[in-house]
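Colleague: just coords:
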């Protein structure tokens, strides 16, 4: 349970955000740097994730590319500062010193660049458009006599995706157009990235725009509408979460600790001169270095990424735990230190419980396929939490509505967005999200149910991040809303005989159940919290987030289209095969599941419904317990998060951090707790930095780097 003094970041909300006038940080040069680095990161992601799959730099939160660019800007700033001081000390080159001063980005300008990249840079990669693109084009190529994908492709409107087998072949196998090499790769060190950037620019010209002009505009408009609606919706909860509930937004500490010139808000020490920081940073770099070397030379000792603890269980019934694995996730071990102890306890307790129960179920002969139905329990938990969080914020939300219609005068100058803009942005954006699928053939009530569940999951994810700060990109039930709909109503409610067009078109939106859309929305939320703690206007960063959304969607879409038509979709994001990578296969699996429902309708699944309701009842019980007993040990968000994945990815980090925090608070209290906190943040920074360096090595030695691919959850 939480220690009464354990509030490492909640007090940071009290930091005044009036140090600068609004928009003083979103200067033209800061935005120009952000745009240029967005393009560079797109070229990097294109090579690392789409072409060679040597690393997953866009999947972390914040993404690896944004952190590496933050290191770059801070390093350049330090060098310019030293050069300026040198000219002042020596009295020579005064003009050069003045130019160095002018070129240095101020801390709040660096924050603008970082937040912009944290939103825009991940979009071309595995977490977003690598899932969007197969959703549009899978049925045009992967049809077999054993499935109905070819029939489905004929129901897809041309405004959403170009149709026809020949069009699909060109898309998945690549065009005959050749992009000329410019020879930039012969330039030492930076040649390979420059050649990749040039290919990205020139690749846009080989896209068959006669086929893609309208789908490009439709999907760009739709995806931008979704992200803007999501961000506006979350900002409506800002006052309740940040001021009424005083949530700590631990993930915002990332940027604050690195950028704040006055020193750490956690420990009070200078972040870059703190030995605790360098110990944490070095340990993470050592971990990745040893793992990378071991991938080349297995004789070198390394921890690896996991240990199959379940392999020790060989006898029945204990062999039901054979899949139980300990995962070492440095990003969780670092930032997880700021997660409240009751959340950590709940995560490891319920993660362990979902595995320990399996042998006992086997003893009594109860082992149905899918037991213990963790995804169903998580979906039930998320549904209840969504309703609970909306109900808890009902007063502030009602005041927002009154302020929007002009019935109540509220000063919203300190808000990320004006109440009227946020409310209208959320409403109009959600109308687009709900109605555009209906326009193209999705049954109205199916669209309302599907996307209503999606926005509910979004609210829970963002609220959990605001309270916990657990840096889990996939901290929600993947593909949960579609499966829940079929579980409760059966496939016959959506597919009647040969009438499958509605659900086929709905499947084109499957990417919304699996991408980093929730994580990016939370990143924008944490961005304006970080701005406030650095003395900047929340509204400045909120508008930067909106701009980054539009730029990121356009760049991400163009990057994927250009790369696909140059190399062929079946060769991308794969290790030498022609399956289109894991993300493509996931989407093909979604369409194949639909095909199976057409042949063999699925009835409502009473067992899965029962476990969904069980998850909902568990959360209701925990919410009630926390209202009745201040020191109630279980956290409903921890229960929901523990059940989001079939594998115990979070068990070991949560258990270890829970024990470390108990020991730290017992030995030195909150003073020691805060003193060592920057070291844990630096451990995550060291991990992301070393992964970024390893990915850059992969630009020159892809086969070598592919032996140790770092992935995030």
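Modeller: Nice, I can see it. Remember, predicted model here, so these are calculated numbers, not experimental data.
Colleague: wasn't residue 690 part of a helix?
Modeller: Yes. Counting by DSSP: H, G, I helix; E, B strand; the rest coil, residue 690 falls inside a helix.
Colleague: that one touches residue 284, doesn't it?
Modeller: Yes. Between residue 690 and residue 284 there is a contact under C-beta atoms under 8 Å: 6.4 Å. (C-beta placed from N, C-alpha, C; glycine too.)
Colleague: residues of stretch 254-267 that come out buried?
Modeller: Residues of stretch 254-267 classed as buried by neighbour count (16 or more other C-beta atoms under 10 Å): 254, 255, 256, 257, 258, 259, 260, 263, 264, 265, 266, 267.
Colleague: who touches residue 224 in this structure?
Modeller: By C-beta atoms under 8 Å, 6 or more residues apart in numbering, the residues touching residue 224 are 549, 550, 553.
Colleague: next SSE after the helix or strand hosting it?
Modeller: If you go by DSSP states H and E, residue 224 is part of helix 209-235. Of the helices and strands lying after helix 209-235 in sequence (DSSP H and E), the nearest is helix 238-239.
Colleague: and for that next one, what are the contacting residues?
Modeller: Identification of contacts with helix 238-239 by C-beta under 8 Å, 6+ apart yields 396, 415, 416, 525, 528, 538.
Colleague: wait, the last one sits on residue 418?
Modeller: What it means is residue 538. No. Counting by C-beta under 8 Å, residue 538 stays clear of residue 418, with 11.3 Å between them.
Colleague: what's the helix or strand for residue 415?
Modeller: Here residue 415 is assigned to no helix or strand, by DSSP H and E.
Colleague: report the buried residues of stretch 211-224.
Modeller: 211, 212, 214, 215, 216, 218, 219, 220, 222, 223, 224.
Colleague: just name the closest of the residues you listed to residue 488, please.
Modeller: residue 222 (26.9 Å; C-beta to C-beta).
Colleague: number of residues surrounding the residue nearest to that closest one when sequence neighbours are not counted?
Modeller: Spatial nearest neighbour of residue 222, chain neighbours left out: residue 436 (5.7 Å); criterion: C-beta to C-beta, 6 or more residues apart in numbering. Neighbour count of residue 436, defined by other C-beta atoms under 10 Å: 20.
Colleague: what about residue 436, which SS state?
Modeller: Quick answer, by three-state DSSP: residue 436 is helix.
Colleague: quick one: pLDDT of it?
Modeller: You'll see residue 436 listed with a pLDDT of 96.
Colleague: buried sites along the host helix or strand of residue 445?
Modeller: Using DSSP H and E, residue 445 maps to helix 444-468. Using 16+ other C-beta under 10 Å as the test for burial, helix 444-468 gives 446-447, 449-451, 453-468.
Colleague: residue 538 and residue 418: who's more crowded?
Modeller: residue 538 (23 against 18).
Colleague: shaky segments in the protein?
Modeller: For the chain, the stretches flagged by pLDDT under 70 are 1-25, 188-190, 497-498, 575-576.
Colleague: what sits against the nearest residue in space to residue 713 that is not next to it in sequence?
Modeller: Nearest non-adjacent residue to residue 713, counting by C-beta to C-beta, 6+ apart: residue 649, 4.9 Å away. Counting by C-beta under 8 Å, 6+ apart, residue 649 touches 327, 329, 713.
Colleague: which parts of the stretch 601-713 of the chain are helices?
Modeller: 606-628, 636-642, 651-698, 702-705 (DSSP state H, counting those that start in this stretch).
Colleague: repeat that for the stretch 351-500 of the chain.
Modeller: Using DSSP H, counting those that start in this stretch, helices in the stretch 351-500 of the chain cover 374-392, 394-405, 419-439, 444-468, 480-489.
Colleague: so which of those helices gets nearest residue 679?
Modeller: That would be helix 444-468 among the helices of the stretch 351-500 of the chain, by C-beta to C-beta, at 19.7 Å.
Colleague: good, we can wrap up now.
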